[in-house]
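*Asks:* Show me how the following folds:
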Amino acid sequence: MISGALDLVVGKGGKSAIATLVERNSRFLIMLGLPEGKKADGLADVLINRVNDLPALMRGSLTWDQGTEMARHAQLTLATDVPVYFAHPHSPWERPSNENTNGLIREYLPKGIELTSHQPYLDSIADELNDRPRAVLGFLTPREVFTKLLNEDVAKTA
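*Replies:* Next comes the predicted model:
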């Protein structure tokens with residue numbers, strides 16, 4: 001199973017936010033609109049709904065920073081069977097794929113703006129980033145690498 005990292009990109013005044021889920025091997029990105037901002041209840045509900053829809057291959061574990069928005073991490077784990085781990089405080093190097101991806105997202109959603117929770121718009125940003133070749137992936141795209149991982153997993157289970 002593959003593991004991923006979760007983080008938030010927070011908008012103007014900390015009132016709006018989106019969750020970012022980055023698969024570690026492929027750098028494949030899923031962006032989730034948070035209509036309630038970074039409140040723990042709203043975040044947990046959105047994550048539970050989305051994580052349950054992920055392919056089994058992508059449901060290994062999730063790593064988060066120390067934010068209070070993950071106060072309902074136990075409910076997330078119970079509802080999805082995906083363990084949640086926490087990085088050490090003030091240690092962004094423990095989640096480098098997520099930190100780098102959040103920087104790429106800021107090209108589309110600069111700091112100081114109100115962030116939208118309109119999911120089709122966020123999906124379009126994620127699609128563009130998932131189709132952008134990356135040096136770290138040998139100039140393959142995250143989508144190409146993720147698709148290869150999924151196909152290998154299907155071949156193993158067939």
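*Asks:* any idea where the helices of the protein begin and end?
*Replies:* Along the chain, the stretches classed as helices by DSSP state H are 40-51, 73-80, 96-105, 119-130, 142-157.
*Asks:* Can you tell me how far the closest residue to Val82 other than its chain neighbours is from Pro133?
*Replies:* The shortest distance from Val82 to any residue other than its chain neighbours is 5.1 Å, reached at Arg59 (Cβ to Cβ, 6 or more residues apart in numbering). Every C-beta, even on glycine, is put in place using the N, C-alpha and C of the backbone. Shown here: Arg59 relative to Pro133, a distance of 27 Å by Cβ to Cβ, to the nearest Å.
*Asks:* again, but for Ile48
*Replies:* Taking Cβ to Cβ as the measure, Ile48 falls 33 Å from Pro133.
*Asks:* Then Pro35?
*Replies:* 33 Å.
*Asks:* Of the two, give the one with the bigger neighbour count.
*Replies:* Looking at Pro35 and Pro133 with other Cβ atoms under 10 Å, you find the greater number of neighbours at Pro35, namely 14 against 11.
*Asks:* The residue nearest to that one when sequence neighbours are not counted: neighbouring residues, count only.
*Replies:* Leaving aside its sequence neighbours, Pro35 sits nearest to Ser117 (Cβ to Cβ, 6+ apart; 4.5 Å). For Ser117, the tally of surrounding residues (other Cβ under 10 Å) stands at 18.
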